[in-house]
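Trainee: Take a look and give me a structure for this.
(one chain, ligands or ions: 1)
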Amino acid sequence: MAKGNWPKLILAAVLAFALGLALARAFQVAILASAPPPTSEGAQGDVVQTDRQETPSQPAGIRAGDRAADAQPASRDTSASSGKALFQQACATCHGIGSGDRIGPDLAGISARRERAWLIRAITVPDRLRLERDPITVELYDKFNRVDMPNLGLSEADAGDLIAYIDAATQVKLDAK
Ligand code: HEC
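Mentor: Purely as a prediction, here's the structure:
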């Protein structure tokens with residue numbers, strides 16, 4: 001091959017690479033744009049859904065998930081109502097509140113069964129509880145087919161909202177009896 005061709009070859013390689021990057025980017029955008037909106041019931045039991053929660057600070061998406069769901073108790077309390085949106089998006093796949101165990105335990109009345117500090121840790125750092133061999137977590141892990149409660153990257157404030165919502169939803173169940 002003639003020596004003089006090298007610069008051209010390199011240029012061509014660089015261009016091809018740049019084009020590849022641009023294509024990949026365009027693809028990514030297209031995929032993100034076509035992603036379905038978060039379902040509020042999460043009935044598809046699909047762990048993929050939980051991946052979305054790992055990006056913190058996405059209240060817009062979370063609120064969007066809440067749209068169909070305002071006929072219920074939590075609306076009088078803002079903490080409980082943001083907890084509700086988050087619960088439906090991040091937890092409902094695995095947890096019911098008064099509707100029975102799913103992949104994880106039913107959470108109705110959880111505040112009466114567990115200490116608040118433990119609950120907050122169980123929601124924000126479940127993986128750490130497991131590493132510490134926390135006795136409750138170990139027992140639950142065995143009982144629930146050795147499925148790990150995932151660490152969803154939630155803050156303590158998120159956990160507070162979630163607990164407020166779970167408490168409110170528990171109360172609604174109790175009142176209905
Ligand atoms: C992929 C399924 C899954 C998701 C999503 C999930 N959990 Fe869990 N959760 C579990 C499993 C399984 C357990 C029991 C085993 C364990 O603790 O590792 C559990 C345990 C718990 C416990 C302890 C229950 C008890 O009886 O003490 C709490 C509280 C809890 N989850 C809250 C939540 C909240 C709140 C969310 C949403 C932010 C959530 N979980 C999301 C599967 C899940």
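Trainee: Can you tell me how far Cys91 is from Trp6?
Mentor: Distance, Cys91 to Trp6, using CB to CB, to the nearest Å: 58 Å. In this view, the C-beta of every residue, glycine as well, is placed from N, C-alpha and C.
Trainee: so where's this structure uncertain?
Mentor: Within the chain, the segments meeting pLDDT under 70 span 1-3, 11, 14-77.
Trainee: Sort out which residues of stretch 119-138 are buried, please.
Mentor: For stretch 119-138, burial by neighbour count (16 or more other CB atoms under 10 Å) applies to 119-126, 129-130, 134, 137.
Trainee: what about it, near the ligand?
Mentor: Yes: judged by CB under 6 Å from any ligand atom, stretch 119-138 comes into contact with the ligand at 119, 122-123, 126, 130, 136-137.
Trainee: Between which two of these is the distance greatest?
Mentor: Leu119 and Arg130 (15.3 Å; CB to CB).
Trainee: does Asn151 sit in a helix, a strand or a coil?
Mentor: Secondary structure, DSSP: H, G, I helix; E, B strand; the rest coil: Asn151 is coil.
Trainee: before we move on, back to that, Cys91 and Trp6: which has the busier surroundings?
Mentor: Under the neighbour definition other CB atoms under 10 Å, Cys91 and Trp6 were set side by side, and Cys91 has more, 25 against 10.
Trainee: ok, the closest residue to the more buried one other than its chain neighbours to Asn5 distance?
Mentor: Distance criterion CB to CB, 6 or more residues apart in numbering; nearest residue to Cys91, sequence neighbours excluded, is Leu162 at 7.1 Å. For Leu162, the distance to Asn5 equals 63 Å [CB to CB].
Trainee: Cheers, nothing more for now.
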